[in-house]
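**Q** How does the following fold in three dimensions:
(2 chains)
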Amino acid sequence: MLDVNEIKKDFPMFRKHQNMIYLDNSATTFKPDAVISALNRYYEEASVNIERGDYLLSHEVSNDYEDARLSIAKFINAKRKEEIVFTSGATDSLNMIAYGLMDQLQEGDVILLNYAEHASNILCWFDVARKKKCQIAYIELTMDGEVCLDKLKAKLDEYGSRVKIVSMAYVSNVLGFKQDITKIAAMVHEYQALLVVDGAQSVPHMKTDVQLLDIDFLAFSGHKMCGPTGIGVLYGKFDLLDRLKPLRYGGGANARFDIEGNVLLQTTPHKFEAGTPNIAGALGLAAAVRYLSDIGMDNIEEYEKELKKYMVEKLQELPNIKIYNPHTTSGIVAFNADGVFAQDAGSYLNTRNICVRSGNHCAKILHNLIGTDQTCRASLYFYNTKADIDAFVNACAELNIENCINIFF
Amino acid sequence: MSNMLKDPAILRELIMDHYKYPRNHELVDDDSYDSRHMASDSCIDDITVQSKIENGIIKDIRFDGVACTISTASTSIMSELLKGKSIDEAKKIMENYFNMMDEKPYDEELLEEAIAMMNVHRQANRIKCATIGWKAMKEMIDKE
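**A** Prediction:
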């Protein structure tokens, strides 16, 4: 069991905002002292570039940067650290995967997505499909947002060898269903397609073992897992990553070039990291990974599961609240109050010091599944408590139009 | 202005009424109307405003869409308030409305029921809701 009251002491945000009930962790998370110190240490004590300087400090920071890569590799159990590329975040990673695979696609190829995907895992594929005259098809979901194996198989059978890529979130950002990636990967590979996984909402909340899951490409963001903003990760199985076409060229990504236009690229993963990378971000993310590992990813997942269950049970006692995903296990609750537009509810909760997100959560085609455009989303992390949930549920009990308008008077 | 419009209970009731029974809340299929789809201002409200402006007079305003209490009520109130006004009159009303949003001095007489939005700035992230329909109308008027 986590000692959350001790954990909260690690976060300056909780010291500054003692009464804030933060339930928007799917959007971003707070940063512990350990992460902030890692950033400051770089800027205050070792603020030099990597790979280039002929002086000891540059050499040391280069080593730290590569150690950060190794920490990330270990955290998701990658085979080797060369399978880890630092990016600006999950969106960047997914774009690098989609456009990087473009040359391997041909007219008529099929990319399989589903309606619960975040815009980051849809829009880049739309564009790639348009450019390469490929087809986008959608795997049917259950009401919980589950990709059923038989529905996946039906699509794979329907399009056969034309399916080249299947891309999906491990945990979707609105409904929070945790897909059975191991089985999905086995099926996708049986059809010789690639499985791209958006791990933005999964990697921060549970143990990730890319070898066990047999994921081909994985994308995730640092800031959703206690790390800094502007840093994220693209993981790829080495051979696949090595074949991916880099999108950006520049210093650090080439070994040699001449006036004829001959370019010898750096080896993987450096060829994907043109320009001075986000050194501080990488060091900060490594500190975040150490922090999370010390708490234990299994402990985090188990605790969040318990919180989610508690939140759903309490909310279900309220007659004015509809929950769209009571059965999913991750710490995301999508809900609406009767007759109250999601944003009105969000503003009311704000007046009670409760931070949630309202809207379509960048999943604009999801309404096809759940029958509503707008929901409020409360999303948990390991530093939330049952007391947070009690306060949240008490405020939800007061959600009606009159109260939502009263906040303006 | 009448003191009635300073009574919070009345203003609350006005917002509620315009939210539950929005006026001019149906789009028309008519080429003589100009139209603005406003979806980019915030990620959640998605409304379309139509207007028919002839000889410098706003003949009609209509709107529809998916929107919160404040966007719906503010646009509904705007549609009633500006209908029949000349462009110059409308511009003056709008200027005062946007001033109210920005907590600058404004002429409350001109704003009539729109005064109900006087406190929206207390929830600063909702100012965009209270101005989304008004901005659509402003774009169409500025084009004239």
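**Q** mind showing which ranges of the chain have poor pLDDT?
**A** If you meant another chain, say so; for now it's chain A. A:361-365 (pLDDT under 70).
**Q** try chain B instead
**A** Along chain B, the model assigns pLDDT under 70 to residues B:1-5, B:40-43.
**Q** longest helix in chain B, by residue count?
**A** helix B:127-143 (DSSP state H).
**Q** can you tell if that one touches chain A?
**A** Yes. Interface with chain A: helix B:127-143 contributes B:Cys129 (CB under 8 Å from any CB of the partner chain). To be clear about C-beta, it is placed using only N, CA and C from the backbone, and glycine gets the same treatment.
**Q** helices and strands around that helix, which ones?
**A** Helices and strands touching helix B:127-143, by 3 or more CB pairs under 8 Å, 6 or more residues apart in numbering or on different chains; DSSP states H and E, are strand B:34-38, strand B:46-54, strand B:57-66, helix B:69-82, helix B:87-101.
**Q** Contacts for that helix, please.
**A** Applying CB atoms under 8 Å, 6 or more residues apart in numbering or on different chains, the contact partners of helix B:127-143 are A:343, B:34, B:36, B:38, B:41-42, B:45, B:47-49, B:51, B:53, B:58, B:61, B:63, B:67-68, B:70-71, B:74-75, B:78-79, B:82, B:87, B:90-91, B:94, B:97-98, B:101, B:117, B:120-121.
**Q** List the buried residues in that helix.
**A** B:127-138, B:140-141 (16 or more other CB atoms under 10 Å in any protein chain shown).
**Q** Turn those into JSON lines, columns for distance to A:Val110.
**A** Listed next are those as JSON lines, based on distance: CB to CB, whole Å:
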{"residue": "B:Ile127", "distance to A:Val110": "45"}
{"residue": "B:Lys128", "distance to A:Val110": "40"}
{"residue": "B:Cys129", "distance to A:Val110": "41"}
{"residue": "B:Ala130", "distance to A:Val110": "45"}
{"residue": "B:Thr131", "distance to A:Val110": "44"}
{"residue": "B:Ile132", "distance to A:Val110": "39"}
{"residue": "B:Gly133", "distance to A:Val110": "42"}
{"residue": "B:Trp134", "distance to A:Val110": "45"}
{"residue": "B:Lys135", "distance to A:Val110": "41"}
{"residue": "B:Ala136", "distance to A:Val110": "40"}
{"residue": "B:Met137", "distance to A:Val110": "45"}
{"residue": "B:Lys138", "distance to A:Val110": "46"}
{"residue": "B:Met140", "distance to A:Val110": "43"}
{"residue": "B:Ile141", "distance to A:Val110": "48"}
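**Q** Closest to chain A out of the residues you listed?
**A** When those are compared for distance to chain A (CB to the nearest CB), B:Cys129 comes out closest, at 7.0 Å.
**Q** For B:Ile77, see how far away the closest one is.
**A** Relative to B:Ile77, B:Cys129 is positioned 13 Å away (CB to CB, to the nearest Å).
**Q** Ok, B:Asp60 next?
**A** 16 Å.
**Q** With neighbour numbers in mind, choose between those two.
**A** Using other CB atoms under 10 Å in any protein chain shown as the criterion, B:Asp60 and B:Ile77 rank with B:Ile77 on top: 27 against 17.
**Q** ok, now which ones touch that one?
**A** Contacts of B:Ile77 (CB under 8 Å, 6+ apart): B:Leu14, B:His18, B:Glu113, B:Ala114, B:Ala116, B:Met117.
**Q** Doesn't A:Gly230 belong to a strand?
**A** No. Applying DSSP: H, G, I helix; E, B strand; the rest coil, one finds A:Gly230 to be coil, outside a strand.
**Q** that older thread, columns distance to A:Ile231 on top of the helices and strands packed on helix B:127-143, output as a markdown table?
**A** A markdown table is the format used below for the helices and strands packed on helix B:127-143 (distance: least, CB to CB, whole Å):
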| stretch | distance to A:Ile231 |
| --- | --- |
| strand B:34-38 | 34 |
| strand B:46-54 | 33 |
| strand B:57-66 | 35 |
| helix B:69-82 | 36 |
| helix B:87-101 | 37 |
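**Q** Out of these, which one sits most buried?
**A** helix B:69-82 (a mean of 26; mean count of other CB atoms under 10 Å in any protein chain shown).
**Q** Out of the buried residues of helix B:127-143, the closest to A:Glu398 would be?
**A** Closest approach between the buried residues of helix B:127-143 and A:Glu398, by CB to CB: B:Cys129, at 20.5 Å.
**Q** What's the separation between the closest one and B:Ile93?
**A** In this view, B:Cys129 and B:Ile93 are 19 Å apart by CB to CB.
**Q** and what of A:Val61?
**A** According to CB to CB, A:Val61 and B:Ile93 sit 60 Å apart.
**Q** Give me every residue in the stretch 251-400 of chain A that's in contact range of chain B.
**A** Counting by CB under 8 Å from any CB, the stretch 251-400 of chain A comes close to chain B at A:341-344, A:347, A:350-351, A:358-360, A:362, A:373-374.
**Q** Would you point out the most distant pair within the residues you listed?
**A** A:Thr351 and A:Cys362 (25.2 Å).
**Q** neighbour-wise, which of these two wins?
**A** Using other CB under 10 Å as the criterion, A:Thr351 and A:Cys362 rank with A:Cys362 on top: 18 against 14.
**Q** Show me how far stretch A:154-170 is from its chain's centre.
**A** Distance of stretch A:154-170 from the chain centroid (CA atoms, centre = their mean, to the nearest Å) equals 22 Å.
**Q** Could you write out the alpha-carbon coordinates of it in PDB?
**A** Taking C-alpha atoms only, stretch A:154-170 is exported to PDB below (Å, rounded to 0.1, in the frame of the first residue of the first chain):
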ATOM      1  CA  ALA A 154     -12.500  -9.700 -39.000                       C
ATOM      2  CA  LYS A 155     -10.800  -6.600 -40.300                       C
ATOM      3  CA  LEU A 156      -7.500  -8.400 -40.800                       C
ATOM      4  CA  ASP A 157      -9.400 -11.100 -42.800                       C
ATOM      5  CA  GLU A 158     -11.300  -8.500 -44.700                       C
ATOM      6  CA  TYR A 159      -8.300  -6.600 -45.900                       C
ATOM      7  CA  GLY A 160      -5.700  -9.400 -45.800                       C
ATOM      8  CA  SER A 161      -2.200  -8.600 -46.700                       C
ATOM      9  CA  ARG A 162      -3.200  -5.000 -47.600                       C
ATOM     10  CA  VAL A 163      -3.100  -4.300 -43.800                       C
ATOM     11  CA  LYS A 164       0.400  -2.900 -43.100                       C
ATOM     12  CA  ILE A 165      -0.100  -1.000 -39.900                       C
ATOM     13  CA  VAL A 166      -2.400  -1.400 -36.900                       C
ATOM     14  CA  SER A 167      -2.100   1.600 -34.500                       C
ATOM     15  CA  MET A 168      -3.900   1.900 -31.200                       C
ATOM     16  CA  ALA A 169      -3.600   3.300 -27.700                       C
ATOM     17  CA  TYR A 170      -2.700   0.700 -25.000                       C
END
